[in-house]
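Novice: Whatever this is, show me its structure:
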Amino acid sequence: MPLVACDRVELAKDGEKHSITVRKVLKTQEGIINVRATNEGGQMSASARLKVTGRHPLNTEPGYQGPEMPSVL
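Specialist: Numbers count the residues shown, from 1 in each chain. Model (predicted):
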């Protein structure tokens, strides 16, 4: 599923550099993030571990899962 910009996800391009910013990430969304970029020249994949520190300032109720995280792949 392609990643789509929304109120929590910003896609940016500066020359040949592309970036993805995800806001309001919750502790429950920690884990491995996989990214794949594809164009006419081929494809490239990368993975990174997302570690969330601190508390979500808007809702800290037990069991709150937060908004669904958009898919990167």
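Novice: what about the strands in the chain?
Specialist: Listed in chain order, the strands of the chain (DSSP state E) span 9-14, 17-22, 31-39, 42-50.
Novice: Now mean pLDDT too, for those, in JSON lines please.
Specialist: Converted to JSON lines, those look like this (pLDDT from 0 to 100):
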{"stretch": "strand 9-14", "mean pLDDT": "89"}
{"stretch": "strand 17-22", "mean pLDDT": "86"}
{"stretch": "strand 31-39", "mean pLDDT": "87"}
{"stretch": "strand 42-50", "mean pLDDT": "93"}
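Novice: quick one: contacts for the nearest residue to R8 once chain neighbours are set aside?
Specialist: With C-beta to C-beta, 6 or more residues apart in numbering as the criterion, R8 has its nearest non-adjacent residue at 4.9 Å, and that residue is R23. Glycine gets a C-beta too; all of them are placed from N, C-alpha and C. By C-beta atoms under 8 Å, 6 or more residues apart in numbering, the contact set of R23 is 7-10.
Novice: What is the nearest of those residues to V52?
Specialist: Using C-beta to C-beta, R8 comes nearest to V52 of those, at 13.7 Å.
Novice: For the closest residue to D7 other than its chain neighbours, give its distance to R36.
Specialist: Nearest residue to D7, sequence neighbours excluded (C-beta to C-beta, 6+ apart): R23, at 7.9 Å. From R23 over to R36 the distance is 22 Å, taken as C-beta to C-beta, to the nearest Å.
Novice: go on, M44?
Specialist: Using C-beta to C-beta, we find M44 at a distance of 7 Å from R36.
Novice: Then S47?
Specialist: In terms of C-beta to C-beta, S47 sits 10 Å off from R36.
Novice: what's the answer for G15, then?
Specialist: Counting by C-beta to C-beta, the gap between G15 and R36 amounts to 21 Å.
Novice: Same check on V25?
Specialist: Separation of V25 from R36 (C-beta to C-beta): 20 Å.
Novice: cool, and Q29?
Specialist: Distance, Q29 to R36, using C-beta to C-beta: 19 Å.
Novice: and the closest residue to K51 other than its chain neighbours, what does it touch?
Specialist: Leaving aside its chain neighbours, K51 sits nearest to E30 (5.9 Å; criterion: C-beta to C-beta, 6+ apart). Residues near E30 by C-beta under 8 Å, 6+ apart: 49-52.
Novice: Sweet, I'm off.
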